[in-house]
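>>> predicted model and sequence below, questions to follow.
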Amino acid sequence: MNAKPARITGLVAIIAGIVFILAGGVTWGLISANLTEQEITVAEDSPMLAGDEVNGPVSAFAEAQIINTHAMAATEGRTYAELGALVKEAEAAGDAAAAEELQAQRTTVMNASFLRASLFTSVVAYGDAALVMGLGVLLTVVGWGFSSLARTTSPATTAAKGQPVTV
């Protein structure tokens, strides 16, 4: 039995695993550093992690959720699209004051949506980094397994070398 392919496969998998673990760790660190740099704090009225610095996936998610709560409270639960329709209705009715107020609410919802999208993007990036690190661990274990197979000699190979075979 030729052990060279198993040995090479094992080595390649171990190297790839280490690269994946490092890449995922660096990505995680960069996301955390960038979030920390923004000096965002989870709102005090958030149901989870209130007052915590946004520097990880859970705190980013918590802040995104409370931003939505605040935006919906500011607009009486109306969405960006609903407010757009109401602005058009107010303008058609000639009610400039109502149209201006509704447009201000629409801007609030739009800004909240942009902030939430940014925070959710970081949450997804954390998930990707964790996935890559997990795959790195898996590749390293598989590589170790292949390397172990390459070091194991079969009874037939041992017998061919004239050594005693124990089974």
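Yep, it's here.

>>> which helix runs longest in this structure?
helix 96-151 (DSSP state H).

>>> mean confidence for it?
Average pLDDT, helix 96-151: 94.

>>> who does that helix touch, helix- and strand-wise?
The helices and strands touching helix 96-151, judged by 3 or more CB pairs under 8 Å, 6 or more residues apart in numbering; DSSP states H and E, are helix 4-37, helix 57-74, helix 80-92. (Glycine included, C-beta is placed from N, CA and C.)

>>> so of the ones you listed, which one's packed in deepest?
Mean neighbour count (mean count of other CB atoms under 10 Å) peaks for helix 57-74 among the helices and strands packed on helix 96-151, with a mean of 18.

>>> mean confidence score for that helix?
pLDDT averaged over helix 57-74 gives 95.

>>> check the offset of that helix from the chain's centre.
17 Å (CA atoms, centre = their mean, to the nearest Å).

>>> so it versus helix 4-37, what angle?
40 degrees (axes from the mean of the first three to the mean of the last three CA atoms, to 10 degrees).
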